[in-house]
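**Student:** Need a 3D model of the sequence below.
(2 chains)
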Amino acid sequence: MTETLPETHASAREMRAKYESGQATARDTALAHLERIQKVDKHTHVFLTVLDENQIVAQADAADEMIRAGQASAMTGIPFLIKDNISTDGVRTTAASKILDGYVPPFDATAVSRLKKAGAIILGKGNLDEFAMGSSNENSAFGAVINPWGNNRVPGGSSGGAAAAVAAGEAAIALGSDTGGSIRQPASLCGVVGFKPTYGTVSRYGLIAFGSSLDQIGPIARTVADCADTANAISGRDPFDSTSLELDLDFTEYLDRDIDGMRIGVPREYLVEGIEPGVRSAFDASIAVLESLGAVVEATSLPLTDHALAVYYIIAPSEASANLSRFDGVKYGMSVDGEPNARESIEATRGDGFGPEVKRRILIGTYALSAGYYDAYYKKAQQVRTLIRREFQDSFQKFDALIMPTSPTVAFEIGEKTQDPFQMYLSDVCTIPVNIAGLPGISVPCGLSEGLPVGLQIVAPQLGDRTALQIAHAYEQSANWKLTPPEL
Amino acid sequence: MNSPLLTEDDVRHIARLAALRIDDAEVETMRSQLSNILAHFQTLAQLDTQGVPPTGHTTDAHSVMRDDEEMAALDREQTLANAPFIDGEFVRVRPVIE
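**Tutor:** The predicted structure follows:
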C-alpha cells in the first residue's frame, strides 16, 4: 500500500480493498478526487467537463450501496475520466472540436454503459487532440493539456487528458482511444500504464469515429492489473458494433504467471533513428529486468517497420475523411448561418469548425481516395498493410511477444513540433505498426530520462492480450517504479 | 507514382471534394505541408505488392447480417435538441435545389 501518497494516487485495486474492508467509501474517494480536480486542473487543463458534485455523489452512493449489498465488482466505486470523443448520455461530448460545440449525446458509448453498470463513477470528460488527431494534445480546440511532470511539456496525445489525469491524481482510471498510439504514447509520456487491446475486443459504439479499422477503446491506469480489470468490464461482443468480437476473455488470467522461459523479440528497426539516449538506456535496463525474470530476449528484425508510418498516414486520414463527412452543421454541433444554399453552408461550417490538423488529414484522405490516386495511395497502403501483418505473424512464430520503447523521446516541449506536421507524426513511429496489424499493445513505465518518464511497450499477437499483460505485470512488479510527478 | 507536388489549384479541388472552405492563406500552407507529407509516402512505391490482397480490416470480418428486429429508437426530442436549426419535428436546412 502507498501510505505516503494521498488517496487520489492509489491504484483502483487498492481503493477496492479499502472499500471492502470498510476503511474508505466510494463517496469519500469521489469527493477527494473532486477536491483534487479543483486544486490541480488549472495547472493540467485535463477536464473539458466536470460533472456536478451532486451527480458524482449520486453515482458514488449507488456504488457504496452495491458494495454493502455484496454486488460489487472490480470497477465499483472507481473514479473515471472519459476521453471526450467517447459519448456520454446527457453529458456534453466535444471531441475537442469547435464543430461539436454544444453537442449532448442522447446515448452512452457501450464501454461507458458497461462501466456504469459495474458501478464506476464518471467524474467528467477528458481533453484530447481534436478528433483524436495528434500526438501532443496541442490540437485541442479548447487549449492544450500540460504534462504534470513538467510545466512546459506536452502530455502526449491524443489521449493526453486521460494520461495526465491519472498521473496527477485527478482520476484513478481513464478511458482513452488508440488509433495510432493515442493510449500508449501519452501513457508513456506521463509515466502511467496504457493498454490498447486487440482490435475488436472492445465495442466502438459511441466512440466518435476517426479511423474505423484502427480505432480501439482502452484504459489508462496506474497499474497493469487495473488495466486488465477495466478491459474485463468493457470488452465483449456488442450488437451495436458489427466488428466487435464474440469472445469471453479474462484479461487478468495470466497476471500472476511468471515469465520464465518466455521468448521476447527486440526488433532493431525501432531502435535507430531519433531515439533519445536516455530512452535507449532505460529500455536496455528493462531488458535486463525481463532477463532476470527468466525471459529469453533476442534481437530480431522487422524490415517493413520503416513503411508503417506511410501506410498509417494514408489509411487513417482516408478513413477519417469519410467518417468526418457527417459533420455538416445540420444534425448537431455548430452551424454557420446566412449562407445562400446547403452546399455553401456545409463548406462554411466545416471550414470554420475544424482545426488545422483535422483539415490537413481530411485533405490527405480525400486526395488519397480521389480518382487517379486511389491505386497509388490507398490501395497500395492496404496491400502493404497486409505485408506488415504477415511480417508480425511470422515474427510471432518465434516470439511470444515483442518489446520496444513506446516513444522515441520523453515528453517534448510545448510548441516544439507544431510547425512541422511530419515531425509530429514521427512521435508515433513505435506505436503505429500495432494498430496497422490490429495487435494488442501496452505501455508500462520503465524509468526516467532527464526527470521525465520513459515507457516500455509490449506487443503480443492478435488476441494475445493476456500475454502482453502478463509480461507487463511481471516487469512492473519486479522493477517496482513508483513514478509520481512532482506536486503541482 | 506521379510527382507528389501539389499546386494551389489541386488543393482547392481537393478542398471542394471534401466540402471544406479554406482561405487563400490556408491554401498555400496546405499546399506546402501536404506536398511534404505526400513526398514521404513515395517510399511505398519501392515495395512489390503484385498480387498481394489489400487489408481493410484486421479481424477479417466480412459483411454481417442481422435479423430485422424492432427496438427502441433514440428519443426524438432529445435528438432534435442537438440540431442547430429545427422547425417543429423537422431539421431545417438551407436550400439544396435553387
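
**Student:** quick one, phi psi at A:Ala221?
**Tutor:** phi -150, psi -180 (degrees, to the nearest 10).

**Student:** And A:Ser177, by the same measure?
**Tutor:** Per degrees, to the nearest 10, the backbone of A:Ser177 is at phi -130, psi 150.

**Student:** Ok, A:Pro186 next?
**Tutor:** Torsion angles, degrees, to the nearest 10, at A:Pro186: phi -70, psi -30.

**Student:** quick one: least confident helix or strand in chain B?
**Tutor:** helix B:76-80 (a mean of 89; mean pLDDT, DSSP states H and E).

**Student:** The closest residue to A:Val112 other than its chain neighbours and chain B: what is the separation?
**Tutor:** Distances taken as Cβ to Cβ, 6 or more residues apart in numbering or on different chains put A:Thr88 closest to A:Val112, at 5.7 Å, once the chain neighbours are dropped. Glycine gets a C-beta too; all of them are placed from N, C-alpha and C. Distance of A:Thr88 to chain B, given as Cβ to the nearest Cβ, to the nearest Å: 14 Å.

**Student:** ditto for A:Asp306
**Tutor:** 7 Å.

**Student:** With A:His9 instead?
**Tutor:** From A:His9 across to chain B, the span is 36 Å (Cβ to the nearest Cβ).

**Student:** contact partners of the least confident helix or strand of chain B?
**Tutor:** Here helix B:76-80 makes contact (Cβ atoms under 8 Å, 6 or more residues apart in numbering or on different chains) with A:Pro106, B:Ile86, B:Glu89, B:Val91.

**Student:** Please point out which parts of it sit buried.
**Tutor:** Going by neighbour count (16 or more other Cβ atoms under 10 Å in any protein chain shown), the buried part of helix B:76-80 is B:Thr79, B:Leu80.

**Student:** got the contact list for residue 93?
**Tutor:** Just going to use chain A. Neighbour list for A:Thr93: A:Asp84, A:Asn85, A:Ile86, A:Ser87, A:Leu100, A:Tyr103, A:Val104, A:Pro105, A:Lys125, A:Ile208 [criterion: Cβ under 8 Å, 6+ apart].

**Student:** That was the other one, I meant chain B.
**Tutor:** Counting by Cβ under 8 Å, 6+ apart, B:Val93 touches A:Val330, A:Ala342, A:Ser345, B:Phe85.

**Student:** Residue 73: helix or strand, and which one exactly?
**Tutor:** All of this is about chain A. Following DSSP states H and E, there is no helix or strand that holds A:Ser73.

**Student:** burial of residue 25, as a residue count?
**Tutor:** With no chain named, the answer covers chain A. By other Cβ atoms under 10 Å in any protein chain shown, 18 other residues sit near A:Thr25.

**Student:** wrong chain, I was asking about chain B
**Tutor:** 8.

**Student:** element containing it?
**Tutor:** Assigned by DSSP H and E, B:Ala25 belongs to helix B:24-41.

**Student:** Tell me the helix or strand right after the helix or strand encompassing A:Asp28.
**Tutor:** Element membership of A:Asp28 [criterion: DSSP H and E] is helix A:26-44. The first helix or strand that comes after helix A:26-44 along the chain, using DSSP H and E, is strand A:47-50.

**Student:** who's in contact with that next one?
**Tutor:** With Cβ under 8 Å, 6+ apart as the criterion, strand A:47-50 contacts A:34, A:37, A:41, A:81, A:84, A:91-92, A:94, A:96, A:123-127, A:142, A:161, A:165, A:170.

**Student:** Just those residues: which are in strands?
**Tutor:** Residues of the contacts of strand A:47-50 located in strands (DSSP state E): A:Leu81, A:Leu123, A:Gly124, A:Lys125, A:Gly126.

**Student:** Show the pLDDT at the first one.
**Tutor:** Think A:Leu81. Note for A:Leu81: predicted pLDDT of 98.

**Student:** One more: the second one?
**Tutor:** We note a pLDDT of 98 for A:Leu123 in this prediction.

**Student:** Quick check: the gap between it and A:Thr406.
**Tutor:** Counting by Cβ to Cβ, to the nearest Å, the gap from A:Leu123 to A:Thr406 is 26 Å.

**Student:** Between these two, which is the more surrounded one?
**Tutor:** A:Thr406 (32 against 27).

**Student:** can you give me the strands in chain B?
**Tutor:** In chain B, the segments counted as strands under DSSP E are B:86-87, B:90-91.

**Student:** ugh, typo on my part, it should be the stretch 301-450 of chain A
**Tutor:** Under the criterion DSSP state E, counting those that start in this stretch, strands of the stretch 301-450 of chain A are mapped to A:401-405, A:441-449.

**Student:** What of the stretch 51-200 of chain A?
**Tutor:** A:79-83, A:121-126, A:173-178, A:193-196.

**Student:** Tell me which of these is the most buried.
**Tutor:** Neighbour counts (mean count of other Cβ atoms under 10 Å in any protein chain shown) averaged over each of the strands of the stretch 51-200 of chain A peak at strand A:193-196, with a mean of 33.

**Student:** Can you give me the distance of the closest residue in space to A:Gly353 that isn't next to it in sequence to chain B?
**Tutor:** The shortest distance from A:Gly353 to any residue other than its chain neighbours is 2.9 Å, reached at A:Ile99 (Cβ to Cβ, 6+ apart). From A:Ile99 over to chain B the distance is 11 Å, taken as Cβ to the nearest Cβ.

**Student:** isn't A:Val410 right up against A:Gly447?
**Tutor:** No - A:Val410 is beyond contact range of A:Gly447, at 10.3 Å (criterion: Cβ atoms under 8 Å).

**Student:** For A:Gln483, report the pLDDT, please.
**Tutor:** One thing to correct before we go on: residue A:483 is Leu, not Gln. 89.

**Student:** A:Asp400 is in contact with A:Arg263, correct?
**Tutor:** Yes - here A:Arg263 reaches A:Asp400: they are 5.1 Å apart, a contact under Cβ under 8 Å.

**Student:** Looking at the two, which is more packed in?
**Tutor:** Taking neighbours as other Cβ under 10 Å, A:Arg263 and A:Asp400 compare with A:Asp400 leading, 20 against 13.

**Student:** and residue 52, how many neighbours does it have?
**Tutor:** As the question left the chain open, I've gone with chain A. By other Cβ under 10 Å, the residues close to A:Asp52 number 10.

**Student:** oops, chain B please
**Tutor:** B:Val52: 16 neighbours (other Cβ under 10 Å).

**Student:** what sits against the spatially most central residue of chain B?
**Tutor:** What sits nearest the mean C-alpha location of chain B, by Cα atoms, centre = their mean, is B:Ala18, with 6.5 Å. By Cβ under 8 Å, 6+ apart, B:Ala18 lies in contact with A:Ser321, A:Ser325, A:Arg350, A:Ile362, A:Leu363, A:Thr366.

**Student:** Distance of the third one relative to A:Ile442?
**Tutor:** The reference is to A:Arg350. 36 Å.

**Student:** follow-up on the earlier one: any idea of the angle the helix holding A:Asp28 forms with strand A:121-126?
**Tutor:** 10 degrees (axes from the mean of the first three to the mean of the last three Cα atoms, to 10 degrees).

**Student:** what's the angle between helix A:26-44 and strand A:79-83?
**Tutor:** In terms of direction (the same axes, to 10 degrees), helix A:26-44 departs from strand A:79-83 by 40 degrees.

**Student:** list the helices and strands helix A:26-44 packs on?
**Tutor:** Judged by 3 or more Cβ pairs under 8 Å, 6 or more residues apart in numbering or on different chains; DSSP states H and E, helix A:26-44 is in contact with helix A:12-21, strand A:47-50, helix A:53-68, strand A:79-83, strand A:121-126.

**Student:** which stretches of chain B have low pLDDT?
**Tutor:** For chain B, applying pLDDT under 70 flags the ranges B:1-4.

**Student:** can you rerun that using 80?
**Tutor:** By pLDDT under 80, the low-scoring segments of chain B are B:1-4, B:60-64, B:98.

**Student:** Where does chain B get nearest to chain A, residue-wise?
**Tutor:** B:Thr58 (2.7 Å; Cβ to the nearest Cβ).
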